[in-house]
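Asks: structural data only, the sequence is not supplied:
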């Protein structure tokens, strides 16, 4: 069989970037796209807006966002949470809420409330078991409705629970809403940290202040013998924060009761406010308040 040979010249002639993708990972900045970008604006009657992201699913982001919003409420702030995950909304379950929102006199959606927190989610607008089988344009239209057509009635702080990834939803939010800051959630595990750092870099590219990172599921304390076990690693997030000069905002333990609280529709800071795990969420909320000065 004759061996096939490839000359170096053919390699030189090959296209190095056939799709024309930006090498830095940033979205392409074409003049036509720039002219069509929406104007950033603040959400009416909302003082501070904080995005909670992980860029990866399964690291406890929504649970932390729910406890963070509830901690703000427990500290005397008018707090709300907006679930921006169109395909997999979690906030209705975490706050034990259901039913279609009513409309205000101005034809705006009225949030559903529990535990002193106002909430809005796509989960209220579709059936509990109904899949959202939509194309991109419908998803963006629904997201814009959630961002701009909710009557919050005056809030000190609104927490945005972002879906995993660094794509259309995240870019739409950062282009349309003035965010006061973002926090990134990760477990200590390296595979989760890789995606988390993509989230950090995304916010930096779109000039959203990164308030810090949260290390979740950091240590498991056996309820019987009190032995401490680092199931997902020891200090991965701590090292990343030191390496990239990011503030470590909180360290949340791996506790089965946090999961039970979430499944039961009651954030931990409500279910067991004096527990060590609840104190970790309160500490996180205090650090964010100190960073934003509100």
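Replies: It's in. All of these numbers come straight from a predicted model, not from anything done at the bench.
Asks: mind checking how far the residue nearest to residue 276 when sequence neighbours are not counted is from residue 221?
Replies: Residue nearest to residue 276 in three dimensions, not counting chain neighbours: residue 253, with 7.4 Å by C-beta to C-beta, 6 or more residues apart in numbering. Just so you know, the C-beta spots here come from the backbone N, C-alpha and C atoms, and that holds for glycine as well. Using C-beta to C-beta, to the nearest Å, residue 253 is found at 7 Å from residue 221.
Asks: please apply the same query to residue 205.
Replies: From residue 205 to residue 221 the distance is 38 Å (C-beta to C-beta).
Asks: ok, residue 124 touching residue 99?
Replies: Yes. Between residue 124 and residue 99 there is a contact at 6.6 Å, judged by C-beta atoms under 8 Å.
Asks: shared neighbours, the two?
Replies: residue 112 (C-beta atoms under 8 Å, 6 or more residues apart in numbering).
Asks: more neighbours, these two?
Replies: Between residue 124 and residue 99, residue 124 has the larger neighbour count (other C-beta atoms under 10 Å), namely 20 against 8.
Asks: phi, psi for the more buried one please.
Replies: Backbone dihedrals for residue 124, given as degrees, to the nearest 10, come out at phi -80, psi -20.
Asks: so where is this structure shaky, pLDDT-wise?
Replies: 1-38 (pLDDT under 70).
Asks: do I have it right that residue 204 meets residue 184?
Replies: No. Using C-beta under 8 Å, residue 204 makes no contact with residue 184, being 10.8 Å away.
Asks: so those two - more neighbours on which side?
Replies: Neighbour count, other C-beta under 10 Å: between residue 204 and residue 184, residue 184 has more, with 31 against 13.
Asks: what about that one, which SS state?
Replies: The assignment at residue 184 comes out as strand when based on DSSP: H, G, I helix; E, B strand; the rest coil.
Asks: what number of residues lie near residue 134?
Replies: 14.
Asks: who's in contact with it?
Replies: With C-beta under 8 Å, 6+ apart, residue 134 has these contacts: 86, 142.
Asks: repeat for the one 3 residues further on
Replies: Residues touching residue 137, when contacts are defined by C-beta under 8 Å, 6+ apart, are absent altogether.
Asks: is it part of a helix or strand, or is it coil?
Replies: helix.
Asks: check residue 44 too.
Replies: Going by three-state DSSP: residue 44 is coil.
Asks: against residue 72, how distant is it?
Replies: 19 Å.
Asks: give me the more crowded residue out of these two.
Replies: More crowded of residue 44 and residue 72, by other C-beta under 10 Å: residue 72, with 30 against 13.
Asks: and the helix or strand hosting that one, how far out from the chain middle?
Replies: Residue 72 is part of helix 61-74 when elements are defined by DSSP states H and E. Chain-centre distance of helix 61-74: 12 Å, with C-alpha atoms, centre = their mean, to the nearest Å.
Asks: again with stretch 273-288
Replies: Relative to its parent chain, stretch 273-288 has a centroid offset of 18 Å by C-alpha atoms, centre = their mean.
Asks: contacts for it, please.
Replies: Stretch 273-288 is contacted by residues 50, 64, 67-68, 70-72, 74-75, 181, 183, 211-212, 214, 247, 249-253, 255, 257-258, 267-269, 271-272 when judged by C-beta under 8 Å, 6+ apart.
Asks: list only buried entries from the residues you listed.
Replies: 50, 64, 67-68, 70-72, 74, 181, 183, 211-212, 214, 249-253, 255, 258, 267-269, 271 (16 or more other C-beta atoms under 10 Å).
Asks: and the closest residue to residue 60 other than its chain neighbours, how many neighbours?
Replies: The shortest distance from residue 60 to any non-neighbouring residue, by C-beta to C-beta, 6+ apart, is to residue 216 (4.5 Å). Residue 216 is flanked by 25 other residues according to other C-beta under 10 Å.
Asks: am I right that residue 216 is in contact with residue 62?
Replies: No. Counting by C-beta under 8 Å, residue 216 does not reach residue 62; the two are 11.2 Å apart.
Asks: may I have the secondary structure class of residue 179?
Replies: Secondary structure, three-state DSSP: residue 179 is coil.
Asks: which residues sit in contact with it?
Replies: 49, 50, 51, 160, 173, 208, 209.
Asks: if you set the cut-off to 6 Å instead, what comes out?
Replies: Residues in contact with residue 179, defined by C-beta atoms under 6 Å, 6 or more residues apart in numbering, are 49, 51, 208.
Asks: what's the answer for residue 200, then?
Replies: Counting by C-beta under 6 Å, 6+ apart, residue 200 has contacts 184, 210.
Asks: nice, that's everything, thank you.
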